[in-house]
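Trainee: Predicted model follows, preceded by the sequence.
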Amino acid sequence: MLIMKQLRFFSVFVLLMLGLSFLPKSTAQESFVMNTLDNPNVLNYQDDYSDFKKKKKKKKKKGESDYSLKDHLWYGGGIGLGFGSGFGYSQFGFALSPMVGYKIIGPLSAGPRISIDYTSVKYQGLGTYNLFDVELSLFARVKIFKGLFVQGELGTVTDQYLYEDFNGIGKGKRTRPAQYVGLGYNFSNGEGGFGQEISIMYDFYVGQDINAVENPWQYRFGITWGF
């Protein structure tokens, strides 16, 4: 019985405290409503403050959307496969060349480009030799009309090559400059999204090197996104 009384007293006490806690709130709400009805300037002040917050929020969003890095970037790259054979040898080649362009102003964009070429050459009775060429360069591209563009590149090429001496076939390595200028066409017409492109580039360094055995003309096929 003592426990039941204590529980009953505790329940009444809780209900009483809850009722007292709601009383001031109701009174404050009624007082606020009466003051608002008596003084309509209160509502006007709240409306003005709400409008100020909305305008401030809109201005902030507008300022943030003025510049977006991803809107200035476009991406591209090429993949190449090659096969060849001759008297006593055969070769296979694979090339990958990603690039990223930054739209500076109007038709002008620039960025880095990397090219990795792998060549496997097999000589009958001598063995197989693997060669890697890596090219790092910076390019600048200017749109001329729609998808037509002119591109120039300055970079460095590190390539491996085979040579033959009294000891047989050996593998050498050298590093040289790369100086390309060329013309190309992007089939997206410069409208962004997915596109395909072709270009022909001329390496002035190789063209002026009387000891070079490479072809100074380079044909490229690639894809782009956002150009």
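Mentor: Noted; the coordinates are in hand. Since the structure is predicted, the reported quantities are computational estimates derived from the model, not experimental observations.
Trainee: starting at the chain centroid, how far to the host helix or strand of residue 113?
Mentor: Assigned by DSSP states H and E, residue 113 belongs to strand 108-123. Centroid separation between strand 108-123 and its chain, computed with C-alpha atoms, centre = their mean, to the nearest Å, is 19 Å.
Trainee: And stretch 97-116, by the same measure?
Mentor: With C-alpha atoms, centre = their mean, you get 11 Å for stretch 97-116.
Trainee: returning to what we had before: state the mean pLDDT of the strand holding residue 113.
Mentor: Confidence for strand 108-123, expressed as mean pLDDT, is 95.
Trainee: Residue 142 reaches residue 181, doesn't it?
Mentor: No - taking contacts as C-beta atoms under 8 Å, residue 142 lies outside contact range of residue 181: 11.5 Å. Heads up, the C-betas are built off the backbone N, CA and C, glycines and all.
Trainee: Overlap of the contact sets of these two?
Mentor: Shared contacts of residue 142 and residue 181 (C-beta atoms under 8 Å, 6 or more residues apart in numbering): 150-151.
Trainee: now the helices for this protein?
Mentor: All helices of the chain, identified by DSSP state H, fall at 2-38, 41-64, 204-208.
Trainee: how's the protein carved up into domains?
Mentor: As recorded under automatic domain parsing, the domains making up the chain are 2-64, 69-225.
Trainee: how about JSON lines for these, with mean neighbour count added?
Mentor: Shown next, in JSON lines, are those (neighbours: other C-beta atoms under 10 Å):
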{"stretch": "domain 2-64", "mean neighbour count": "10"}
{"stretch": "domain 69-225", "mean neighbour count": "14"}
